[in-house]
Structures are given as structure tokens and as C-alpha cells.
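Undergrad: just a sequence and a predicted model for now, questions to come.
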Amino acid sequence: MPLLLAPIGHEVKIVRIAADDKTKKHLSNLGVLVDGTITVLSASGGSAVCRVKDGRLALDRNIASRIYVA
């Protein structure tokens with residue numbers, strides 16, 4: 001399921017990132033990796049605020065819809 005549909009407050013595993021190489025590299029530098037974990041803290045207006053490792057990350061609708069979690 002896309003990250004935007006993930007339950008709020010639950011840690012989920014990233015299974016796929018459907019983006020170009022430049023975007024994947026940028027997300028990798030931020031700690032968003034396939035087989036990594038991410039927690040959606042809030043989602044409103046199509047954007048999502050997530051916890052990745054020890055930090056928080058705001059993702060817009062376009063990027064969040066390309067990150068698939070399980």
C-alpha cells in the first residue's frame with residue numbers, strides 16, 4: 001500500500017520506492033530505504049509527516065504516493 005494509506009502511529013516496512021534514480025538517492029540520503037522502517041505521525045492534505053530513524057520528515061503527496069509499505 002502507498003505510504004499515505006498506512007495507519008498513523010504504526011511502524012511499517014518500506015517494500016518499494018517507485019521513483020527515478022535521483023529521487024531514490026535523495027530519499028536514501030534522508031534514511032528512507034527499501035527494507036527500512038517508517039512511522040507516519042500525521043497525514044493531512046495529501047502530505048505526510050513521518051518518523052525515520054531518530055528524525056522527522058515531511059513528504060509531499062507526490063513523493064509519499066511513490067513509497068510503498070507493508
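TA: Everything's here; your move.

Undergrad: CA atoms for contacts and neighbours, from now on please.
TA: Will do.

Undergrad: next structured bit after the longest helix seen in the chain?
TA: Counting residues, the longest helix found in the chain (DSSP state H) is helix 21-29. For helix 21-29, the following helix or strand on the C-terminal side (DSSP states H and E) is strand 37-44.

Undergrad: what residues of that next one count as buried?
TA: For strand 37-44, burial by neighbour count (16 or more other C-alpha atoms under 10 Å) applies to Thr37, Ile38, Thr39, Val40, Leu41, Ala43.

Undergrad: next one: stretch 21-28
TA: With burial defined by 16+ other C-alpha under 10 Å, the residues of stretch 21-28 counted as buried are Lys24, Leu27.

Undergrad: just the CA trace of that stretch, in CSV.
TA: This file holds the C-alpha atoms of stretch 21-28, laid out as CSV (Å, rounded to 0.1, in the frame of the first residue of the first chain):
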residue,chain,number,x,y,z
ASP,A,21,17.2,7.3,-9.5
LYS,A,22,17.7,10.9,-8.5
THR,A,23,14.7,10.8,-6.1
LYS,A,24,15.7,7.4,-4.7
LYS,A,25,19.2,8.7,-4.0
HIS,A,26,17.8,11.8,-2.2
LEU,A,27,15.4,9.6,-0.1
SER,A,28,18.3,7.3,0.7
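
Undergrad: pLDDT on that stretch, on average?
TA: Here stretch 21-28 scores 97 as its mean pLDDT.

Undergrad: got the contact list for that stretch?
TA: Stretch 21-28 is contacted by residues Ile17, Leu33 when judged by C-alpha atoms under 8 Å, 6 or more residues apart in numbering.

Undergrad: and for stretch 48-58?
TA: With C-alpha under 8 Å, 6+ apart as the test, stretch 48-58 has contacts from 4, 31-32, 37-43, 47, 59-61, 64.

Undergrad: return the distance of stretch 34-43 from the chain's centre.
TA: Relative to the chain's own centre, stretch 34-43 is displaced by 5 Å; criterion: C-alpha atoms, centre = their mean, to the nearest Å.

Undergrad: equivalent analysis for stretch 28-48, please.
TA: 2 Å.
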